[in-house]
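Asks: Would you be able to build a 3D model of this:
(one chain, ligands or ions: 1)
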Amino acid sequence: MAVATLTIDLTALTDNWRALDVKSAPSVQTAAVVKADGYGCGAGRVSAALSKAGAKTFFVAAAEEGIAVRQNTPNDTKIFVFSGCCDADHQILKANNLIPLLNSPEQVNHFTSTGEKFGVQLDTGMNRLGLEPNEFNALRDQIITADPQIIMSHLACADEPNHPQNAQQHASFREMTDGLTAPKSLAATGGTLLGADYHFDLTRPGVGLYGGAPFTDAKPVVSVSVPVIQTRIVEIGETVGYAAFWTAKRTSKTATIAVGYADGLTRQMGNHTNDHRVNLYAGGTPCPLIGRVSMDMITVDITDLDHIPTHLDILTPHQTVDDLANAAGTIGYEILTSLGARYNRVYKA
Ligand SMILES: *Cc1c(COP(=O)(O)O)cnc(C)c1O
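Replies: You can find the predicted model right below:
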């Protein structure tokens, strides 16, 4: 089959979860964020594996995303929905035993009277989702009486340990929640790495589980191997690909491989003339990506290889999601969640 193979290493995933789990005290629960289909890795498979490794709480962005998690985890697993609850979600939440994080006074007023489980999200400075301090203070008694499953907030700058906003948000979170007995959570991957002050009762890492920065010690989880579909000789002065962007300076051997920007390998990765920034790997040997990235194909200079490979790897321990992100001017999160549906996805236990 001439599509690329995307391999998801579930052992590396669960190892990463355990490695993040031991960063916090045994009394702190480590949850897992599996939004955007488990950062592109498959929310069902990922949550099943993490659940077996010991994760008891999961987070998704939208109610619809919680269904796959519910179907692949034990019944007592808690599944929270960051975006809260609108009328359209209510049936999905109820039918799948999902817990919304209430983000506005309207949601709080509606939900605290239903007797259904809920959590509350507070805004401590990111200004994206959650109750403002004055809104929370006005509803505090009503919320606490209704017994929230969690009270959480999200850090905007946790991947920059020295950013002053971390301490500001931490202080704001404590000011709003000190003395309350409901479980509290502030840290995603970055916050987990900021240290014990940021852990509260539950950490909720996402990207670190999947091998991405800021968890620099993470094991790589995703690898991509791409079939070579044609090779050719390109003479000096001939060009390769759209816009004639690359010109052969020597007689070159090139390989055309079956992956492109429709597979999340953005065009930006091939927009570098002098200092090519992305390699394809034949085993451990780097071969430069040349010319423009097409929708379904990438061209590679394999002149220096002593053989014609059947496959070349673009995501490998030699070139991680963060390396690709740097080359494309983005972040590992975006690489992971852009990889798309065309791959032959293979799970390695
Ligand atoms: C995405 C997200 C997380 C997980 O963040 P990572 O940086 O991937 O660890 C945690 N909490 C909230 C509110 C999020 O939106």
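Asks: Count the neighbours of T145 for me.
Replies: Around T145 there are 9 other residues, counting by other Cβ atoms under 10 Å. Every C-beta, even on glycine, is put in place using the N, C-alpha and C of the backbone.
Asks: Tell me how many other residues crowd the residue in the chain positioned nearest to the ligand.
Replies: The nearest approach of the chain to the ligand comes at G206, 2.6 Å away (Cβ to the nearest ligand atom). The burial count assigned to G206 is 22, neighbours taken as other Cβ under 10 Å.
Asks: any idea how far it is from F59?
Replies: 8 Å (Cβ to Cβ, to the nearest Å).
Asks: So for these two, which residues contact both of them?
Replies: Listed as contacting both G206 and F59 by Cβ atoms under 8 Å, 6 or more residues apart in numbering are A32, V33, V34, K35.
Asks: Which of the residues you listed fall in helices?
Replies: K35 (DSSP state H).
Asks: now the shared contacts of G206 and F59 in JSON lines, with neighbour count and pLDDT?
Replies: Listed next are the shared contacts of G206 and F59 as JSON lines, based on neighbours: other Cβ atoms under 10 Å; pLDDT from 0 to 100:
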{"residue": "A32", "neighbour count": "29", "pLDDT": "99"}
{"residue": "V33", "neighbour count": "23", "pLDDT": "98"}
{"residue": "V34", "neighbour count": "31", "pLDDT": "98"}
{"residue": "K35", "neighbour count": "20", "pLDDT": "98"}
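Asks: In contact with the residue nearest to the residue of the chain closest to the ligand when sequence neighbours are not counted, which residues?
Replies: Among residues not flanking G206 along the chain, V33 sits closest, at 3.3 Å (Cβ to Cβ, 6 or more residues apart in numbering). With Cβ under 8 Å, 6+ apart as the criterion, the residues that contact V33 are F58, F59, V60, A188, R204, P205, G206, L209.
Asks: so the fourth one touches M152, yeah?
Replies: It stands for A188. No - with the criterion set as Cβ atoms under 8 Å, A188 and M152 do not qualify as a contacting pair; they are 10.0 Å apart.
Asks: how about M176, secondary structure?
Replies: The local conformation at M176, judged by DSSP: H, G, I helix; E, B strand; the rest coil, is helix.
Asks: what's it in contact with, if anything?
Replies: The neighbourhood of M176, defined by Cβ under 8 Å, 6+ apart, consists of L122, T124, P133, F136, N137.
Asks: go with 6 Å
Replies: If a contact means Cβ atoms under 6 Å, 6 or more residues apart in numbering, then M176 has L122, P133, F136 as its contacts.
Asks: Same question for A218.
Replies: Taking Cβ under 6 Å, 6+ apart as the contact definition, A218 lies against N16, G208, G211.
Asks: now P183
Replies: With contacts taken as Cβ under 6 Å, 6+ apart, P183 has the following neighbours: I150, D201, L202.
Asks: I'd like these written out as a markdown table, with secondary structure, pLDDT and neighbour count added.
Replies: Shown next, in a markdown table, are the contacts of P183 (DSSP: H, G, I helix; E, B strand; the rest coil; pLDDT from 0 to 100; neighbours: other Cβ atoms under 10 Å):
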| residue | secondary structure | pLDDT | neighbour count |
| --- | --- | --- | --- |
| I150 | coil | 98 | 25 |
| D201 | coil | 98 | 16 |
| L202 | strand | 98 | 22 |
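Asks: still on that earlier bit, between the contacts of M176, which has the most around it?
Replies: L122 (24 neighbours).
Asks: can I assume that residue is in contact with G130?
Replies: Yes - the criterion here is Cβ atoms under 6 Å, and L122 meets it with G130 at 4.8 Å.
Asks: Skipping its backbone neighbours, what lies nearest G329 in space?
Replies: Here the nearest residue to G329 in space, its sequence neighbours aside, is Q268; by Cβ to Cβ, 6+ apart that works out to 5.6 Å.
Asks: can I assume that neighbour sits in a helix?
Replies: Yes - assessed by three-state DSSP, Q268 belongs to a helix.
Asks: So which bits of this protein are right by the ligand?
Replies: Taking Cβ under 6 Å from any ligand atom as the contact definition, the chain meets the ligand at V33, K35, F82, H154, A188, T189, G190, R204, P205, G206, V207, G208.
Asks: quick one: G340 from L98, how far?
Replies: In this structure, G340 lies at 26 Å from L98, with Cβ to Cβ as the measure.
Asks: The two: which is more packed in?
Replies: A side-by-side neighbour count of G340 and L98, using other Cβ under 10 Å, places L98 first with 25 against 16.
Asks: How about the more buried one: what's its closest non-neighbour residue?
Replies: Nearest-residue entry for L98: G66, 4.1 Å, with adjacent residues in sequence omitted and distances by Cβ to Cβ, 6+ apart.
Asks: tell me which residues of the helix-or-strand element of the chain with minimal mean pLDDT are tucked away?
Replies: Of the helices and strands making up the chain, the lowest-confidence element is helix 87-96, at a mean of 90, by mean pLDDT, DSSP states H and E. Along helix 87-96, these residues count as buried under the neighbour rule (16 or more other Cβ atoms under 10 Å): D89, H90, I92, L93, N96.
Asks: just so I have it, where are all the strands in the stretch 151-300 of the chain?
Replies: 151-152, 184-185, 202-203, 222-234, 239-240, 246-247, 252-257, 279-282, 285-290, 298-301 (DSSP state E, counting those that start in this stretch).
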